[in-house]
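> Next one to model:
(chains A and B)
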Amino acid sequence: MTNLLLKTLMASGAGSGKDATFWMPEQASTVAHSVDLTFDVITWISYFFFVLITGALIWFIVKYQRKGHEAVTEGPVHNTTIEVVWTVIPLLLVIVIFVVGLKGYLNLQEAPEGCYEVQVTAQKWSWTFDHPDYAVTQVGELTVPEGQPVRLIMTSNDLLHSLWIPSFRVKMDAIPGRYTSLWFEATKTGTFQLLCTEYCGKDHSKMLAVVNVVPKEDFKPHMVKLASEYEDMSLEQLPAYAINRLYNRCQSCHSLDGSDNTGPTFKGLWDRVSKGDVNFTNGDNLSNLLGDGTDYVQPENYIRESLVNPQKHIVQGYLGAMPSFQGQLKEKQITALIEMFKRLDELTDADGNVIVNTDGTPR
Amino acid sequence: MTNEHHSDSYLEHAHGLFGNKGGIVGWIFTLDHKRIGVMYLVCVLLAFLLAGIFAMMIRYQLLTPEGTFLTADQYNQVFTLHGAIMVFLVIIPGVPAALGNFVLPIMLGAKDVAFPKLNLFSWYLWIAGLVFFLLSLVYGGVDTGWTFYTPYSIDKTSSMGGVIPALIGAFILGFSSIFTGMNFIVTIHRLRPPGMTWFKMPLFLWGTYATAVIQVLATPVIGITLLLLIVERTMGIGIFDPAMGGDPVLYQHFFWFYSHPAVYIMILPAMGVVSELISVHSHRHIFGYKFIAYSSIAIAMFGFLVWGHHMFVSGQSPLMNAIFSLITFSVSIPSAVKVFNWLATLYKGSISLNTPMIYGLSFIFIFTIGGLTGLHLGTLATDVHLHDSYFVVAHFHYVMMGSALIGFIGGIHHWWPKMSGKMYSEFWGRIAAVMVFIGFNMTFFTQFMLGSQGMPRRYAQYATMPELQVYHVWSTIGSTIMALGFVITAIYLIQSMFSGKKAPSNPWGGRSLEWQCTSPPPWNNFSEQPTVGDCYDYSVLEWDEAEQGYHWKEDAERP
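Residues are numbered from 1 along each chain as shown, chains lettered A, B, ... in the order given. As a prediction, the model looks like this:
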């Protein structure tokens, strides 16, 4: 403990990134420089007034300290000129600060023409990034090209969230039932922290993502690879892929931790399905539909049917709100989801948190 | 009525609803503003202790990036209760209800506030508010943050079960605040003594008057908002719930329409206290009286027009943001004017570095930093980066804790001899005041860097940002020093009640009317209506060695 204290106390310039300053983390977007310049101007004005005020304070304390109890004071009790002066000078200064800040802000607001657009969906406690141009969905990671303006169009599935990328100096709330947006142009390749800054409950402090900035020429191949990465995967690799790349489209209705939602939880789903322990709203039971000469024969077929034709059998207690994924999911992706159900216990912990990465390494 | 003597101190004479009963009945049914003030003081300080324990839990949780001893759910409850108790139960009632109740009528030379029974009722409402806050713990806790933002607070699957009792508690505390404000407005308008025109009032009265106006005008808005929230959560009327076509951001407008002025409810009376501290303890006529008085009113007025700066990144239109940013800057001007006037008061003064004055000078230092960092947050371009980060946490602690609460603690030390009739240990008082000052700045200055470097608010851990640990460690060490300072303060203040030296009527050389009655004051304050002159003219006072206090010069002319 003592060691830790000493170590941390001796660390200096503790900002994140190599070229972080005393106040700010590294600059990695086109707007970062001007935001920091505005910050520095205000900070230097603050230093000036701080030194002026505390300097006078300390000087007066030392010079006019009372000795004994007898106290005779004389001095001005009022001076209109000086009071007008120290009202007007700060007034002029704050007007300058306001104008500088407003110009910088309008620059932050107005996205340039030809932005690459990404749809962002926030929900407890993850960030989903949809790239419509490549039909790629990323969760917890946002890949963007360097040197190209990117516009994020954001909404939330549940509560208020707020997207902050400190190194880019951008932030905007994600609001349910409404779209908000922000833009940035990354000036450096590498990975940058993305955080939720609007309090959203238990795992607010774990609602993080990584912005992965890749060279502009690498971006398209990278996206194409993301869009088809499952094609070369073996059956063993598919579950980790499915839980990381496909499950995010299910998660607003199907939980991993056993809690009830718009649809049944995925926890223990394979167990129930393979035993036929599922009742339908039409009074039928899955066990009657499995085995030779029945509708499904194999439990895998039931899952496949639930994805492409979800209205055929609706589970008792639910409204049947599920849309069909026919055409949206390739055959191999459906296989990946079925494998995911079979091995869900290896992919998540007891609380339903995903514990493996897309490539199968532990998270 | 046999024992009713004018000379009986208020500590001996209950002046209660049921006559002059002794003991606890004499206190909890008292109509005497001084006893009510003392009851508020005791209760507010106990609430401060509770919220302070929560604050230390926050600091020790964040000592390591993974968090040390709280689960995320526990941490979220701890910071919610810390904020809610500090705002609603400690800082808002602190100076006006505790110190104001005690001092305000005496400063006016009045026997009591205008409505003594309403005054007692306000205290009972405060107690009821506290009870509902504690009930929220029984009903499953609150984890919404003190701001109760929608849709989190109305989503029963997200927020914990104690939201409704906490909302009822805040609602009731609002009425306590409104009644106190009303009482003070009427008292100041109607009960001023002959000769005390508006511009001859002590500046503490200007501070509490400006505060009272905000209390009466702004608090009903939060009352209605909290009621709407209760109805929304229980019945689902769909005003804030986006799933039913409601607007969650509308709640933020309603909430901050009260809660930003509430910041001035906290700071204005503390500024009033500091005007007294700086003038009395430097034995120097206050500089620019009218500018200080007007600046209180200006802050109270502008304070109503800046709420939108809490929503710069909530999707509000850029035009709205520009307007709110501009008006926000206007608040900085009267604040700066006050600081310059206090400095000019110290110039050529005779500064006594006693305990209340150390708090007064700490206020100027800390409020300067709090005010200047407000510029970074009022500026649109920089606020986008700093919004909802620890920079904001540091800024509002500099203003609400380092300024409002330090002003309150300074005021307690200033009027303690008057309230208790006893002197506390100057030696320990100074040591504790310096510890609080150093500890405070260590705790919160580091949080400015934390925020600008990328630490968001309300995080139970920061495992992916271990490089920020150094700031958290400094902050926790500072908070420990500050907490020790407060513990020492509690010890010597309690000790003074048992073995402190008897306080003279006027230990500091104050000129306002409370220093002209005995310490502690008689139950009816003054047996004759006192007359007033310039309450900052100290030339009529001289030190009396025998009394260890100041008295009127023989040859000085009485007004």
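> can you pull the pLDDT of the nearest residue to A:N309 once chain neighbours are set aside?
The shortest distance from A:N309 to any non-neighbouring residue, by CB to CB, 6 or more residues apart in numbering or on different chains, is to A:S324 (6.2 Å). To be clear about C-beta, it is placed using only N, CA and C from the backbone, and glycine gets the same treatment. A:S324 is assigned 80 on the pLDDT scale.
> And the strands in chain A, which stretches?
A:116-123, A:126-131, A:136-139, A:141-145, A:149-156, A:161-165, A:170-174, A:180-185, A:190-196, A:208-214 (DSSP state E).
> quick one on the thing from earlier: report the contact partners of the residue nearest to A:N309.
A:S324 is in contact with A:L307, A:V308, A:N309, A:P310, A:Q311, counting by CB atoms under 8 Å, 6 or more residues apart in numbering or on different chains.
> ok, 7 Å please
A:S324 sits next to A:V308, A:N309, A:P310 when contact means CB atoms under 7 Å, 6 or more residues apart in numbering or on different chains.
> follow-up on the earlier one: as JSON lines, the strands of chain A with mean pLDDT and distance to chain B would be great.
Converted to JSON lines, the strands of chain A look like this (pLDDT from 0 to 100; distance: least, CB to the nearest CB, whole Å):
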{"stretch": "strand A:116-123", "mean pLDDT": "94", "distance to chain B": "11"}
{"stretch": "strand A:126-131", "mean pLDDT": "90", "distance to chain B": "14"}
{"stretch": "strand A:136-139", "mean pLDDT": "83", "distance to chain B": "16"}
{"stretch": "strand A:141-145", "mean pLDDT": "95", "distance to chain B": "13"}
{"stretch": "strand A:149-156", "mean pLDDT": "96", "distance to chain B": "9"}
{"stretch": "strand A:161-165", "mean pLDDT": "97", "distance to chain B": "6"}
{"stretch": "strand A:170-174", "mean pLDDT": "97", "distance to chain B": "5"}
{"stretch": "strand A:180-185", "mean pLDDT": "96", "distance to chain B": "4"}
{"stretch": "strand A:190-196", "mean pLDDT": "96", "distance to chain B": "5"}
{"stretch": "strand A:208-214", "mean pLDDT": "95", "distance to chain B": "6"}
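> Summarise which helices and strands the longest helix out of those in chain A is packed against.
Identified as the longest helix of chain A according to DSSP state H is helix A:32-63. Applying 3 or more CB pairs under 7 Å, 6 or more residues apart in numbering or on different chains; DSSP states H and E, one finds that helix A:32-63 contacts helix A:80-109, helix B:318-346, helix B:355-378, helix B:380-386.
> Double-check A:E305 against A:K312; I have them as touching.
Yes: in this structure, A:E305 is within contact of A:K312 by CB atoms under 7 Å, at 5.9 Å.
> Could you state which residue of the chain sits nearest its centroid?
Just so you know, I chose chain A. Using CA atoms, centre = their mean, the residue of chain A that lies closest to the mean C-alpha position is A:W127, 4.4 Å off.
> actually chain B
In chain B, the residue lying closest to the centroid (CA atoms, centre = their mean) is B:I91, at 3.3 Å.
> ok, that residue to B:P269 distance?
Separation of B:I91 from B:P269 (CB to CB, to the nearest Å): 10 Å.
> before we move on, what about A:S274?
Computed as CB to CB, the A:S274 to B:P269 distance reads 69 Å.
> which of these two has more neighbours?
More crowded of A:S274 and B:P269, by other CB atoms under 10 Å in any protein chain shown: B:P269, with 34 against 17.
> The more buried one and B:W206 touch, don't they?
No: look at B:P269 against B:W206 with CB under 7 Å: they stay out of range, at 9.9 Å.
> For the chain, give me the ranges with low pLDDT.
Going with chain A. For chain A, applying pLDDT under 70 flags the ranges A:1-18, A:252.
> ah, I was thinking of chain B
Where chain B drops to pLDDT under 70, the residues are B:1-7.
> ok, which stretches of it are strands?
B:422-423, B:501-502, B:541-544, B:549-552.
> Can you add distance to B:S512 and give these back as a markdown table?
Shown next, in a markdown table, are the strands of chain B (distance: least, CB to CB, whole Å):
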| stretch | distance to B:S512 |
| --- | --- |
| strand B:422-423 | 19 |
| strand B:501-502 | 21 |
| strand B:541-544 | 12 |
| strand B:549-552 | 13 |
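> between these, which gets nearest to chain A?
Closest to chain A of the strands of chain B is strand B:541-544 (CB to the nearest CB; 3.7 Å).
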